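Undergrad: Sequence and predicted model, in that order:
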Amino acid sequence: MMMMTMVVICVQIVFIPAWIVMCVALVGVIYAVILAIILLRSSDIIPEQRRGSACSAIGYTCFIIPLLVFEVRTCHCEDNILY
């Protein structure tokens, strides 16, 4: 029983900072997507800036979403093993 408690504590110590970082990154992705939508609808911005903003929002989304899915699946597998 002691070993199980130690493993649970170690897993929580590892995953809690990862969750915090992923939440901050997800807020950044949401910000980039909203900014890209606003800039795409604005007529005062030059087309290069619009495309750049849209491409960066797509790039951030394609980078963060798979990492978030990986972390959720890893936590789910660890929970199934531990309990």
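TA: Thanks, I have the structure now.
Undergrad: count of residues packed around residue 40?
TA: Residue 40 has 14 neighbours, counted by other CB atoms under 10 Å. Where you see a C-beta, it was placed from the backbone N, CA and C, and this is true even at glycine.
Undergrad: For residue 32, see how far away it is.
TA: Distance, residue 40 to residue 32, by CB to CB, to the nearest Å: 12 Å.
Undergrad: Look up the residues that both of the two are in contact with.
TA: residue 53 (CB atoms under 8 Å, 6 or more residues apart in numbering).
Undergrad: for the strand or helix carrying residue 73, packing partners?
TA: Element membership of residue 73 [criterion: DSSP states H and E] is helix 47-82. Contact here means 3 or more CB pairs under 8 Å, 6 or more residues apart in numbering; DSSP states H and E; on that basis helix 47-82 packs against helix 2-41.
Undergrad: before we move on, back to that, pull out the buried positions in the helix holding residue 73.
TA: Buried residues in helix 47-82, counted by 16 or more other CB atoms under 10 Å: 50, 53, 54, 57, 60, 61, 64, 78.
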